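# Pasting the sequence and the predicted model now:
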Amino acid sequence: MRTAYTADQIRAAERALMAELPHGTLMQRAAAGLAAACADLLGRVYAARVVLLVGGGDNGGDALYAGALLARRGARVGAVLAGSRTHEAGLAAFLDAGGRVTGGEAIEEADLVVDGLVGIGATGALREPYGALAAAAGSAPGLVVAVDVPSGVDAGTGRVEGPAVRATLTVTMGAYKTGLLVDPGAAYAGAVELVDIGLGPYLPEPDAVAQEAADVHALLPRPVAESDKYRRGVLGVAAGSDLFTGAAVLAVGGALRAGAGMVRYAGTSAPVTQVRAHWPEAVVTLLDAPSIEHVGRVQAWVLGPGLGTGDWAHELAAAVLASDVPVLVDADGLTLVARDRDLLRRDAPVLLTPHAGELSRLMGVGRDAIEAARLEHARDAAGELGVTVLLKGSTTVVADGAGPARVNTTGTSWLAAGGTGDVLSGVAGALLAQGLGCFDAASCAAYLHGLAGRLAAAGAPLAAADVAEAVPAAIRAVAGRREPERTPPGRRSFAR
Ligand SMILES: NC(=O)C1=CN([C@@H]2O[C@H](COP(=O)(O)OP(=O)(O)OC[C@H]3O[C@@H](n4cnc5c(N)ncnc54)[C@H](OP(=O)(O)O)[C@@H]3O)[C@@H](O)[C@H]2O)[C@@H](O)CC1
Ligand SMILES: Nc1ncnc2c1ncn2[C@@H]1O[C@H](COP(=O)(O)OP(=O)(O)O)[C@@H](O)[C@H]1O
Ligand SMILES: [K+]
């Protein structure tokens, strides 16, 4: 499990640690880690052209000390001093090592730009000249390493309110910041490398966590000798309609691949025909009324993909939500719930799986505002509705109102394709039926779905059915602790 923190949490931990160490120790540790990461990335330090963007705070100090270390190894290092003040000791060390002060035009010629404009001390959008320098770094031809956090990205939330540095690599000090895990910030951070400065014992409960393969493996149910199909978990799927048959096929497919002992599908004649044709394994009930009376016992339901939003769908949703088992509500189910929140008045658990547009309708908040602060809005919705929320998108986040949120880092933008969300519903539903709680089912499903997406895509377009097909391979990969890496080998970093 990788843990991430807000800027306030990091600052408090740093204060506590600093009180026990000689002045400047932490910055020396940070600068040494930063210089090593830059050297790694450059390959050859001698004669490399390095430009430091130096802000007025300690983030600039980190950059200057690291620049001094690189200069001593033969790099030609220039510093653009952007603040009204500059870290004095850092500048002295830098100049002493042979570094020189330069203008912003040097960015264009640099092999490596080090962004030390602002770190966790920043507030709001970047002011000038920081904004222009951040933009210039973004369009620079060379490599870009951000110190602690890309300047312009809010460390705690990942918000980006103006110009921001787009980094090849972010070298972050002491602990991951939540804003490095969640888009849009995560997209600006590139690969993220952690420098240990000894903060560990001083850190509180994290703000967010990112599961790793071993965490998911430990949670996934496995059949044992006494298992039978009923005891493994039976999932009910109320999805699809005469207009949208594919959603039913994809949700059932995701569920069958994710270990449900049995899947009971309930729907009208067109999706029933399709589900029967695609999945002889599913037990199918043709509904002649919006009721689940004749469907048989299940341990959880998936409700909503392609269901429609008319009276019939509303009555079926009410019937499913009146059951006493966990219900995952997705897609059209979310539209029904947005119209009639009373549907959510139930004792058994509810997992909602909206994308930003669906959450926008549900909560009456603009879609852009949700995209800008995904974690915050998922948390608010979970708290207000008393449910678990899995918010889909470029970063999928899971919140249940209490404790650290979970952020999924396995996805790929190839998953932005019609129907992949229906597969996710099936996978998460199958995990619910197997007895996982909403929070674990949602985060494990997001992890497996993201990994299945990567395996299915392998650098080329995928169709949603391919993702369902790849779910068993994702489960095997998690068991073997193998994950496809997308960051340079040897780095201790998030693969995005
Ligand atoms: N503490 C520690 O133990 C360790 C800390 N470490 C490092 O220190 C960093 C935190 O340093 P920090 O607290 O000095 O803040 P920092 O991020 O440099 O920003 C402050 C400067 O930014 C400016 N500024 C603010 N907002 C702005 C805006 N919107 N647009 C433009 N400017 C803006 C602000 O200007 P002012 O408002 O004062 O005019 C001020 O000059 C941390 O991220 C890590 O890298 C490591 O060495 C490990 C040990
Ligand atoms: N840019 C992206 N990067 C990674 N994953 C994405 C991206 N865009 C969408 N996804 C994922 O693809 C799936 C799309 O689901 P959804 O929006 O419900 O589509 P549909 O309704 O067509 O099934 C979600 O799992 C989401 O997290
Ligand atoms: K920075």
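Ah, there it is. Ligands and ions are numbered 1, 2, ... in the order given.
# burial measure for the closest residue to L451 other than its chain neighbours, as a count.
Distances taken as Cβ to Cβ, 6 or more residues apart in numbering place A474 nearest to L451, at 4.0 Å, with adjacent residues excluded. Glycine gets a C-beta too; all of them are placed from N, C-alpha and C. For A474, the neighbour count with other Cβ atoms under 10 Å is 27.
# just checking, what packs against the host helix or strand of A474?
A474 belongs to helix 464-479 when assigned by DSSP states H and E. Helix 464-479 sits against helix 213-219, helix 246-257, helix 420-433, helix 438-457, with contacts defined as 3 or more Cβ pairs under 8 Å, 6 or more residues apart in numbering; DSSP states H and E.
# just to revisit the earlier point, quick check: the residue nearest to L451 vs ligand 1, distance?
Per Cβ to the nearest ligand atom, to the nearest Å, A474 is found 36 Å from ligand 1.
# Return the residues in contact with that residue.
Applying Cβ atoms under 8 Å, 6 or more residues apart in numbering, we find A474 in contact with 448-449, 451-452, 455.
# would you turn those residues into CSV with neighbour count and pLDDT?
Shown next, in CSV, are those (neighbours: other Cβ atoms under 10 Å; pLDDT from 0 to 100):
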residue, neighbour count, pLDDT
L448, 30, 98
H449, 30, 98
L451, 27, 98
A452, 32, 98
L455, 20, 97
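# So which of these reach ligand 2?
Applying Cβ under 6 Å from any ligand atom to those, one finds that H449 fall near ligand 2.
# Of the contacts of A474, which is the nearest to G366?
H449 (26.6 Å; Cβ to Cβ).
# List the contacts of the closest residue to that closest one other than its chain neighbours.
Distances taken as Cβ to Cβ, 6+ apart place L424 nearest to H449, at 4.7 Å, with adjacent residues excluded. Contacts for L424 (Cβ under 8 Å, 6+ apart) come out as 254, 330, 353, 392, 445-446, 449.
# roughly how far apart are L424 and ligand 3?
L424 is 34 Å from ligand 3, where distance means Cβ to the ion, to the nearest Å.
# I'd like the next helix or strand past the lowest-mean-pLDDT helix or strand in the chain.
Across the helices and strands of the chain, mean pLDDT, DSSP states H and E gives its lowest value to helix 229-232, namely a mean of 83. Once the chain leaves helix 229-232, the next helix or strand it forms, by DSSP H and E, is strand 234-238.
# Any buried residues in stretch 189-209, and which?
Along stretch 189-209, these residues count as buried under the neighbour rule (16 or more other Cβ atoms under 10 Å): 189-195, 197, 199, 202-203, 206-209.
# how about it as CSV, C-alpha atoms only?
Provided in CSV are the C-alpha atoms of stretch 189-209 (Å, rounded to 0.1, in the frame of the first residue of the first chain):
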residue,chain,number,x,y,z
ALA,A,189,3.9,14.7,-12.3
GLY,A,190,5.1,12.0,-14.8
ALA,A,191,6.8,9.2,-12.9
VAL,A,192,7.1,9.8,-9.2
GLU,A,193,10.2,8.9,-7.2
LEU,A,194,10.2,9.1,-3.4
VAL,A,195,13.3,10.3,-1.5
ASP,A,196,13.3,9.0,2.1
ILE,A,197,14.3,11.8,4.4
GLY,A,198,13.3,10.0,7.6
LEU,A,199,9.7,11.3,7.9
GLY,A,200,8.1,7.9,8.3
PRO,A,201,7.7,7.8,12.1
TYR,A,202,6.1,11.3,12.2
LEU,A,203,3.4,10.7,9.6
PRO,A,204,-0.2,10.5,10.6
GLU,A,205,-3.0,8.3,9.1
PRO,A,206,-2.7,9.0,5.3
ASP,A,207,-5.1,11.1,3.4
ALA,A,208,-5.2,8.6,0.5
VAL,A,209,-3.6,5.2,-0.3
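# Does W312 touch P290 like I think?
Yes - the pair W312 and P290 passes the contact test of Cβ atoms under 8 Å, sitting 5.0 Å apart.
# Comparing the two, which shows the higher neighbour count?
P290 (19 against 15).
# just checking, the more buried one touches A322?
No - P290 is beyond contact range of A322, at 11.7 Å (criterion: Cβ under 8 Å).
# Give me the neighbour count for R11.
If you count neighbours by other Cβ under 10 Å, R11 ends up with 14.
# er, E105 actually
So E105, with other Cβ under 10 Å, has 10 neighbours.
# And it, how close does it get to ligand 1?
20 Å.
# and that residue, how far is that from V80?
9 Å (Cβ to Cβ, to the nearest Å).
# Just the local confidence number for the residue lying farthest from the centre of the chain, please.
When distances are taken from the C-alpha mean of the chain, D96 lies farthest, 42.4 Å away, according to Cα atoms, centre = their mean. D96 carries a pLDDT value of 98.
# my read: it touches A68, true?
Yes - between D96 and A68 there is a contact at 7.1 Å, judged by Cβ under 8 Å.
# E205 reaches G403, doesn't it?
Yes - the pair E205 / G403 is scored as a contact, 7.3 Å apart, by Cβ under 8 Å.
# picking that back up, now tell me what touches the least confident helix or strand of the chain from outside.
By Cβ under 8 Å, 6+ apart, helix 229-232 touches 221, 223, 259-262, 434.
# Return the set of buried residues in it.
So, applying 16+ other Cβ under 10 Å, buried residues of helix 229-232: R232.
# If anything else comes up later, I'll come back, but that's it for now.
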